[in-house]
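>>> need a 3D model of the following:
(chains A and B)
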Amino acid sequence: MPEGRLDDLAGQPGQQAPGMRSEAQEAADYDERLLLAERKDWEINQAVLQPMFRAGKKFWALVGVLGALVAWGLFAWGYLVYWGIGVSGKNRPVYWTLFITTFVFWIGISHAGTMISAVLRLLKADWRRPITRGAEAMTSFALMMAGLYPLIHLGRVWKFYWMIPYPNNRFMWPNFQSPLMWDLVAISTYLIGSTLYLYLALIPDMAMARDHTQSWRYQLYRALALGWRGTEAEWHKLHRALGIFSVAIIPIFLSVHSIVSWDFAVTIQPRWHSTIFAPYFVVGAIYSGLAALAAILVIVRRGMRLQEFLRAEHFNALGKLVMVAGMAWTYFWFAGFLVEWYGNEPVTRELIHEEIAGPLAPLFYLQMAANLIPIGLLVFRKVRTTPWMLLITALLVNVGMYTERLLIVVGSLQRNDMPFNWGTYRPTWVEISIVVMTFAGFALLYTLFSRIVPYVPVWEIKEGRLRYSLRRIGRLLVPTAAEIE
Amino acid sequence: MPESEKLIGLFEESTKAADAIDALHELGLRGDQVVVMTGVPYPERALGRHAEWLRLPQVVLAGAVAGLVFGLFLAVITPHLYRLDVGGHPTVSFAPSAVITFVFTMLATIVATFLGVLWEMDFPEFGSKYYHHQVTDGRLAVLVEADGGSAAQVRELLEKHGADPVQWAEKVPL
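Residues are numbered from 1 along each chain as shown, chains lettered A, B, ... in the order given. Model (predicted):
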């Protein structure tokens, strides 16, 4: 029990009015709250560390399957490198295909980490505490997967270094006026920033793991803890740095998907050339990212038996956030669609017709259904707090958001201002294999991460418990948070 | 055999630890002779330490300025060094330059924050240091440098305020 709570309860010496429930009964109402849970610090340590050490047959089977999918994808990439980009379904005019669709999707997924960790940290939303690390790891791994696509899309991947600015006798220099160059810089910045942010908050838990492990794990955690002892000065400096990070990384996370959207919007391609694209992309990214986080948390909770830390209160709050993001996405989608429809430009009209009543209609209706139905479902608390229901809803959102990106990237490119240059696109086995590779690669990295690093930020939970207590207000016993930061 | 005249006392409760620290100061010990180690971040001044001046904001600001200058260099200067004329476009224009400059400024800001806080904490610092492994299990460790033969007084004071155990501090490999 955190200090202070005993005093609060002891301050009411057994004066129970007739009909009033006992304090124990009232306190039981808040059983679902992690920060009010009756646990000693060492018990929390053990509860987080023990699942990391469990790696049974199922775990290794999962790693094996994911590893095989990654290996197959690498083979497909090698095939593409050897035979050339022609083995993909790329053609004129559909020169951006599944690769760029999936690139945009992964960038979107990466947005939830910062949303949860930085924004909610600044807003002092305490329910974020057990899920921040999972969200931050998701950001880093999603960005790693996204970062592969520009390389794959190049075809001749060994020419990648041409994008790095360094003096050379060929007088080749990156064009910093180009949105493609902005992409490289912005994604690199976000990857570096989110990984450092993840690591910085990890240092105290690395020290905790160091103090409770042996052999190779001890060596690893010792190296990563950097000599942390938990002195007052260290905590103070860490807090200050995390505060600065939280502020600095928010504009970065907003800028990254804005820049990705400008890859599209600065062209004169119909349906891309839109001033609303940047916020539309950002909101869509938050929607898909939060939904992906909810799905991952449900899976990790079950796989690592973290039911004690990932509770109904967290899924409830996360579900509400997903719902709000979904509403915002709907608003932006409609705002863009209405103006394009009203403008009635010939090519845009053709594209809209293709989506609503043409060959793209199945994808369009799938997108709308998969994005809108979850908003309605998430209105219900039962859906938000029942893990399997939330999992299905969250996966549905991501199907919808992937389809949305497919329609934006591939659907729009099939039509342009020169009808003789219209075309269609079908993905090849090479592209599908590479896309599957990144999904498997993400899952593999995340699975290994969850067994090596404390998935739940232990020190943040302990800090939260320090803040929370039950306090009597009138006839009610209510949870209150102390202002201690 | 003690390695030094350093004592470490382990507390269960922060209130008792804070009382003990106050008493140690009353005994004449300076602030730098008492170090508290915890597994949880207690708020500033909760355990007796006063607000500390940090150079981190200055480091971050310097990093941001460096990033701004570097971004400007890449976006505004280098296009003149390596000309790439695109029809209808100026060699350098405001909007694209603003994007690149902004991103490099933010990149340098976060890298400076990270390096700055490591520098402030003197990290990484491997080797043996005074520490107790029960800190991460929820105990509050008060490490006291007792000089002038005051170790007995310090031990008595720590025990009086509820420290259990109180022992000679040992350096452990970290």
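>>> nearest spatial neighbour of residue 126, chain-adjacent residues omitted?
The chain I'm using is chain A. Spatially, and ignoring its direct neighbours in sequence, A:D126 is nearest to A:G464 (5.1 Å; C-beta to C-beta, 6 or more residues apart in numbering or on different chains). C-betas here are computed from N, CA, C, even on glycine.
>>> think we crossed wires, I meant chain B
Of all residues not flanking B:F126 in the chain, A:G227 sits nearest, at 5.6 Å (C-beta to C-beta, 6+ apart).
>>> got the contact list for that neighbour?
Listed by C-beta atoms under 8 Å, 6 or more residues apart in numbering or on different chains, the contact set of A:G227 reads B:123-127, B:129, B:174.
>>> and the residue nearest to A:D126, how many neighbours does it have?
22 (other C-beta atoms under 10 Å in any protein chain shown).
>>> again with A:L123
A:L123: 10 surrounding residues under other C-beta under 10 Å.
>>> do a quick rundown of the strands in chain A.
A:468-473, A:476-481 (DSSP state E).
>>> with chain B instead?
B:6-11, B:34-37, B:128-130, B:140-145, B:166-168, B:171-173.
>>> out of those, nearest to chain A?
Nearest to chain A among those is strand B:34-37 (4.7 Å), distances taken as C-beta to the nearest C-beta.
>>> centre of the chain to that closest one, how far?
Relative to the chain's own centre, strand B:34-37 is displaced by 13 Å; criterion: C-alpha atoms, centre = their mean, to the nearest Å.
>>> ok, and what's touching it?
Contacts of strand B:34-37 with the rest of the structure, by C-beta under 8 Å, 6+ apart, involve A:229-232, B:17, B:21, B:24-25, B:47-49, B:130-132, B:135, B:140-145.
>>> what about 6 Å?
When contacts are defined by C-beta atoms under 6 Å, 6 or more residues apart in numbering or on different chains, strand B:34-37 is touched by residues A:229-232, B:21, B:24, B:47, B:135, B:141-144.
>>> same question, stretch A:375-386
Residues outside stretch A:375-386 that contact it (C-beta under 6 Å, 6+ apart): A:312, A:315-316, A:319, A:322-323, A:326, A:389, A:393.
>>> sorry, back to before: hmm, the residue nearest to A:D126 is touching A:P130, no?
No. In this structure, A:G464 is not within contact of A:P130 by C-beta atoms under 6 Å, at 8.7 Å.
>>> roughly how far apart are the spatially closest residue to A:G326 that is not a sequence neighbour and A:G400?
Excluding the flanking residues, the one nearest A:G326 by C-beta to C-beta, 6+ apart is A:I375, at 4.1 Å. To A:G400, A:I375 is 10 Å away according to C-beta to C-beta, to the nearest Å.
>>> quick revisit: winner for burial among the strands of chain A?
strand A:468-473 (a mean of 17; mean count of other C-beta atoms under 10 Å in any protein chain shown).
>>> from the contact counts, what lies against it?
Applying 3 or more C-beta pairs under 6 Å, 6 or more residues apart in numbering or on different chains; DSSP states H and E, one finds that strand A:468-473 contacts helix A:5-10, strand A:476-481.
>>> the last one relative to strand A:468-473, how many degrees between them?
Note on geometry: by axes from the mean of the first three to the mean of the last three C-alpha atoms, to 10 degrees, strand A:476-481 and strand A:468-473 are set 140 degrees apart in direction.
>>> pLDDT score assigned to B:A151?
We have a pLDDT of 88 for B:A151.
>>> then B:A20?
On pLDDT, B:A20 comes in at 94.
>>> show me which residues of chain A sit near chain B.
Within reach of chain B by C-beta under 6 Å from any C-beta of the partner chain, chain A has these residues: A:3, A:41-42, A:171, A:173, A:175-177, A:182, A:185-186, A:189, A:193, A:196, A:208, A:211, A:226-227, A:229-232, A:234-235, A:237, A:240-241, A:244-245, A:248, A:252, A:462-463, A:466, A:484.
>>> report the buried members of those.
Buried by 16 or more other C-beta atoms under 10 Å in any protein chain shown: A:41-42, A:173, A:176-177, A:182, A:185-186, A:189, A:193, A:196, A:208, A:211, A:226-227, A:229-232, A:234-235, A:237, A:240-241, A:244-245, A:248, A:252, A:462-463, A:466, out of these.
>>> thought B:L7 was touching B:V142?
No. Counting by C-beta under 6 Å, B:L7 does not reach B:V142; the two are 8.5 Å apart.
>>> neighbour count for these two, which is higher?
Between B:L7 and B:V142, counted using other C-beta under 10 Å, B:V142 has the larger neighbour count: 27 against 23.
>>> mind listing what the nearest residue to that one once chain neighbours are set aside touches?
Excluding its sequence neighbours, the residue lying closest to B:V142 (C-beta to C-beta, 6+ apart) is B:G9, at 4.8 Å. Under the criterion of C-beta under 6 Å, 6+ apart, the neighbours of B:G9 are B:142, B:158, B:163, B:166.
>>> 8 Å instead, please
B:G9 makes contacts with B:20, B:141-142, B:144, B:158-159, B:163-167, as judged by C-beta under 8 Å, 6+ apart.
>>> columns distance to A:I473 on top of those residues, output as JSON lines?
Formatted as JSON lines, these follow (distance: C-beta to C-beta, whole Å):
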{"residue": "B:A20", "distance to A:I473": "34"}
{"residue": "B:A141", "distance to A:I473": "36"}
{"residue": "B:V142", "distance to A:I473": "36"}
{"residue": "B:V144", "distance to A:I473": "41"}
{"residue": "B:L158", "distance to A:I473": "39"}
{"residue": "B:E159", "distance to A:I473": "40"}
{"residue": "B:A163", "distance to A:I473": "36"}
{"residue": "B:D164", "distance to A:I473": "36"}
{"residue": "B:P165", "distance to A:I473": "41"}
{"residue": "B:V166", "distance to A:I473": "41"}
{"residue": "B:Q167", "distance to A:I473": "44"}
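>>> having no further points to raise, I will conclude here.
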